[in-house]
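Participant: just the structure for this:
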Amino acid sequence: MLLGIGYLPRRTGPALWREFDPGEVQEDLAHIAALGFQAVRVPLFWGDFQPRPDRVSPRAFDRFGGFLEAAQEAGLQVTAGLWAGMWDGALWWPDWGVLPAPLPPNWPLLVNGAWARWGRLRHPFTDPRMLAARELLIRELVAAYADHPALLGWEPLPGFGRLAAASTRETVLGWLGTTLEGLRPAGGKLPCTFLLALDALETGTSIWPGDIAAAGAQPSLSAATFASDRRRLPLSARWIAFALDLASALAGQPVALHLAGLPTTAPGEPSAAHDSIYYASEEDAAAYLADVIALARQRDCPQLWLWRWADIAESGWNKPPYDHSPWRRFTGLLRADGAEKELAASLRSSGGSEHPVLAIDADAYRADPANQFYRLWLAYQRLDDRTLRP
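Facilitator: Coordinates of the predicted model:
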């Protein structure tokens, strides 16, 4: 199983490509490799790499090349978030991708690093300008770096699942097909990963893991148990086990797992819920992470990606998107001062609970996903922990 982590530099953060610091990147990547990771996931913010729909940024291209070189030197591979896209709970969108319409955005929208208070999104699946811009970046960026030995693959349009939920199934499948058709000749044999949230599996009109696999790409499940959500299950590895089993059954193959952010309390403070968000103590978070890593291995996940490299420094708390979501400031494997949290020790753990495996009839599920979802979850909760895979 490949173990990876979402990466933005501890100091530079989302300004990675605008204020590229080779020394900071090299130091971070060496530390990441020393902890046992094999890969990093990094966003290629669309506006940084394509300042105009018909023009690319040679400087950003060169900096991405430097990043790949630093990763190779550290012994790491890179999954690049192409046309990013959704990151840290906000949609980082180029200014040329917003229509001048006095309408509120449908997503938490960042344009030129500031929250958009007006404007309508040019939708990447249907807008002619966005589709043409997509083709340009494939021809220029993808073709230029497809053969780099450090490049593990592409993640087209981070936030794909959330954006797909606002479009028809036919529209999304059409975009998915044309995107992969363009990437294959330019990107060689590099795999493409598409993230789906668990909520997408509760409706028959959504894109499902099997759709991604049938198109020749890799489906990945994005899951979070940090929130006191409708199921009231913070830090539930059992819930993750159920979600993985369902996603894998619908994909017809094991799927990768991306864990969304896990906010932690200050060192020595107990776990607590604030504003419907569950902040785990470092000790509780470490035990949970060890359990999830063991679970991912048991479920034959091809890849497991952790949330974020480092907490946000206090100097960045008043900057988007961390000004609107305080909990996102504390989701790193490192504290803001660079010290490792107790989470880091979990990476070396070989323990963890085993979780029961629920038999899932994929065809029956597809016929009535909303009812089947809750029926299966109730059935799964009744399973004894001794009901394990042979």
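
Participant: is it true that Arg297 touches Leu3?
Facilitator: No: taking contacts as Cβ atoms under 8 Å, Arg297 lies outside contact range of Leu3: 9.9 Å. Backbone N, C-alpha and C define where each C-beta goes, glycine included.

Participant: between these two, who's got more neighbours?
Facilitator: When Arg297 and Leu3 are compared for neighbours, Leu3 comes out ahead with 18 against 14, by other Cβ atoms under 10 Å.

Participant: who does the more buried one form a beta bridge with?
Facilitator: Leu304 (DSSP bridges).

Participant: so it sits against Leu35, correct?
Facilitator: No: the pair Leu3 / Leu35 is not scored as a contact, 9.2 Å apart, by Cβ under 8 Å.

Participant: overlap of the contact sets of those two?
Facilitator: Leu347 (Cβ atoms under 8 Å, 6 or more residues apart in numbering).

Participant: and the contacts of stretch 265-279?
Facilitator: By Cβ under 8 Å, 6+ apart, the surrounding residues in contact with stretch 265-279 are 226-228, 234-235, 263-264, 280-282, 284, 327, 330, 335, 341.

Participant: tell me which of the residues you listed has the lowest pLDDT.
Facilitator: Taken together, the contacts of stretch 265-279 show their lowest pLDDT at Ser228, with 44.

Participant: identify the residues contacting the longest helix seen in the chain?
Facilitator: Secondary structure of the chain per DSSP state H: the longest helix is helix 169-187. With contact meaning Cβ under 8 Å, 6+ apart, helix 169-187 is reached by 124-126, 134-135, 138-139, 142-143, 146, 154, 156, 164, 190, 192, 194, 205-207, 211-212, 215-217.

Participant: just these: which are in helices?
Facilitator: 134-135, 143, 164, 211-212.

Participant: between the residues you listed, which is nearest Ala290?
Facilitator: Of all the ones in helices among the contacts of helix 169-187, the one with the least separation from Ala290 (Cβ to Cβ) is Ile212, at 29.0 Å.

Participant: partners of the closest residue in space to that closest one that isn't next to it in sequence in the sheet?
Facilitator: Nearest non-adjacent residue to Ile212, counting by Cβ to Cβ, 6 or more residues apart in numbering: Pro219, 3.9 Å away. Note on Pro219: beta-bridge partners Phe194, judged by DSSP bridges.

Participant: now swap in Arg308 and tell me
Facilitator: Going by DSSP bridges, Arg308 forms beta bridges with Gly332.

Participant: let's have the chain start at 51 instead
Facilitator: Yep, numbering from 51; the last one is Arg358 now.

Participant: burial count for it?
Facilitator: Using other Cβ under 10 Å, Arg358 has 22 other residues around it.

Participant: could you identify the buried members of the contacts of helix 219-237?
Facilitator: 174-175, 184, 188, 192, 196, 204, 206, 214, 240, 242, 244, 256-257, 261-262, 265, 267 (16 or more other Cβ atoms under 10 Å).

Participant: any idea how far Arg398 is from Leu339?
Facilitator: Distance of Arg398 to Leu339, computed by Cβ to Cβ, to the nearest Å: 11 Å.

Participant: and for Arg358?
Facilitator: 13 Å.

Participant: repeat that for Ile262.
Facilitator: 26 Å.

Participant: ok, Met136 next?
Facilitator: Distance from Met136 to Leu339, by Cβ to Cβ: 23 Å.

Participant: what sits against Leu339?
Facilitator: By Cβ under 8 Å, 6+ apart, the neighbours of Leu339 are 312, 356, 393, 396-397.

Participant: in strands, which of those fall?
Facilitator: Per DSSP state E, strands hold the following members of the contacts of Leu339: Leu356.

Participant: between the contacts of Leu339, identify the one with the most neighbours.
Facilitator: Busiest of those [other Cβ under 10 Å] is Leu312, holding 28 neighbours.

Participant: who's in contact with it?
Facilitator: Contacts of Leu312 (Cβ under 8 Å, 6+ apart): 274, 276, 330, 335, 338-339, 357, 381, 393.

Participant: please tell me which one of those counts the most neighbours.
Facilitator: Counting by other Cβ under 10 Å, top hit in these: Leu339 with 27 neighbours.

Participant: gap between that residue and Ala215?
Facilitator: Taking Cβ to Cβ, one finds Leu339 at 28 Å from Ala215.

Participant: check Ser270 too.
Facilitator: Applying Cβ to Cβ, one obtains 16 Å for the distance of Ser270 from Ala215.

Participant: so between those two, which is more surrounded?
Facilitator: Ser270 (27 against 16).

Participant: tell me the contacts of the more buried one?
Facilitator: Counting by Cβ under 8 Å, 6+ apart, Ser270 makes contact with 243-246, 305-308, 353, 355.
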